[in-house]
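Student: Fold the following, please.
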Amino acid sequence: MLNIFGAYTFPVDPWQKHNKKKDARWRNSRAFQNWFVYLTNLYLNAFEFTGLPDTVNEKFLFETLYWDGKCLFFNDPTMGYLALPAEGDGELNVYFEYTRWRAISNQYNRVYNYPDDCVLIRANQLIYPPLFMVENWASRIADAERTIDVYAKTMKRPWLITGEHEDKLTMDILVDSVEQNELVITGSDRIGSELQRAYANPMDGQGLMALWRHKHELLDECLTWFGINNANTEKRERLITSEVESNNQLIQLNSDTVLDWLQIACDEINERFGLNVSVDLKHDYIAEQQELDRQNAMAAQKSSSGGDSDG
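Tutor: Numbering: from 1, shown residues only. Presented below is the predicted three-dimensional model:
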């Protein structure tokens, strides 16, 4: 069983000699999958409902909003309250809204009049699936990460090697050995020709650090879109108060583009069905950071006051 699991998890041995083109495609795909799943989990865990009926699966509700941008809440005569995927059914009113919605799921297909018998929960005002935005960010971050990998590997070997034709295979083996992180030892007669040249590699540490900064900036922008405070300690120390407040406002605005519409849906559910459903952020990152900054400032002030009195 362990061998099966290992083969599934690591279908390509990173230290085995194999087809480099297939390996590169696999690594590109795996990098995208990793970031897509990571960002998806972040997004799905940003909010939480309270007061939902037991028959409503909160996990499935959020996943439906993520994949489809909308979810239909209604009271089934037999199964009770449900929140399921839905598609518009029937005519449009003067506001171009469907007058009926068809709830569709596994072994379920039923039409409900809107807005009398159901509530449409929106992921955002335009009912745009967050999936598409996450896919875009995951692709860009994964590409930046793979660029770092290629750049770092290229730093380990010369930019260009020339030599006699009959020694080409030897050079290939040497370069491949370096890529596999092996200690290279070979006879001097195989690499001693005056025609053999190794040209300097133009890639350096500064270029590598620039790529790392680019990747982190992409991730920071993505987290800002999520409504997550992404200013780490080092970055925050370089920001002035107005920059911090501006960043917090953008984070709050991005969060509210989702939270406001979820709250509207909760109000409609409570009014139509007599429930007490509410929604909020799982973690208020801005408030948590502000409280942490306040505590650090108080500790620094206390330490400074103590030092003065001791002097």
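Student: Quick check: buried residues in the helix or strand encompassing Trp212?
Tutor: Taking DSSP states H and E as the definition, one finds Trp212 inside helix 205-226. By neighbour count on 16 or more other C-beta atoms under 10 Å, the buried set for helix 205-226 is Leu211, Lys215, Leu218, Leu219, Asp220, Cys222, Leu223, Thr224, Trp225, Phe226. The C-beta positions use only the backbone N, C-alpha and C, and glycine is treated the same way.
Student: Which elements pack onto that helix?
Tutor: Applying 3 or more C-beta pairs under 8 Å, 6 or more residues apart in numbering; DSSP states H and E, one finds that helix 205-226 contacts helix 20-44, helix 130-154, helix 241-273.
Student: let's see it at 6 Å
Tutor: Packing contacts for helix 205-226, counted by 3 or more C-beta pairs under 6 Å, 6 or more residues apart in numbering; DSSP states H and E, involve helix 130-154, helix 241-273.
Student: Comparing these, which yields the minimum mean pLDDT?
Tutor: Here the helices and strands packed on helix 205-226 differ in mean pLDDT, and the lowest is helix 241-273 at a mean of 83.
Student: Okay, now the sheet partners of the following helix or strand past that one, with direction.
Tutor: Helices and strands here follow DSSP H and E; after helix 241-273, the next one along the chain is strand 278-281. Partners of strand 278-281 in the sheet, by DSSP bridges, are strand 47-50 (antiparallel).
Student: Need the residues that contact the strand it pairs with.
Tutor: Residues from elsewhere that reach strand 47-50, judged by C-beta atoms under 6 Å, 6 or more residues apart in numbering: Glu58, Ser278, Val279, Lys282.
Student: mind checking how far Val111 is from Pro85?
Tutor: 14 Å (C-beta to C-beta, to the nearest Å).
Student: ditto for Gly69
Tutor: For Gly69 relative to Pro85 (C-beta to C-beta), the value is 10 Å.
Student: now do Leu262
Tutor: 17 Å.
Student: who has more neighbours, these two?
Tutor: Between Leu262 and Pro85, counted using other C-beta atoms under 10 Å, Leu262 has the larger neighbour count: 21 against 18.
Student: what's the nearest residue to the more buried one if we skip its chain neighbours?
Tutor: The spatially closest residue to Leu262, leaving aside those adjacent along the chain, is Val279, at 4.5 Å (C-beta to C-beta, 6 or more residues apart in numbering).
Student: and the one you found, what are its bridge partners?
Tutor: Listed by DSSP bridges, the beta-bridge partners for Val279 are Phe49.
Student: what about it, how many neighbours?
Tutor: For Val279, the neighbour count with other C-beta under 10 Å is 20.
Student: Tell me which residues touch it, please.
Tutor: Val279 is in contact with Phe47, Phe49, Leu262, Gln263, Cys266, counting by C-beta under 6 Å, 6+ apart.
Student: repeat that with 7 Å
Tutor: Residues in contact with Val279 (C-beta atoms under 7 Å, 6 or more residues apart in numbering) are Phe47, Glu48, Phe49, Leu259, Leu262, Gln263, Cys266.
Student: same thing with Lys282?
Tutor: Asn45, Ala46, Phe47, Glu48.
Student: Check it and give its pLDDT.
Tutor: For Lys282, the model assigns a pLDDT of 84.
Student: Distance check, it against Glu58.
Tutor: From Lys282 to Glu58 the distance is 12 Å (C-beta to C-beta).
Student: Reduced to three states, what does Pro202 come out as?
Tutor: coil (DSSP: H, G, I helix; E, B strand; the rest coil).
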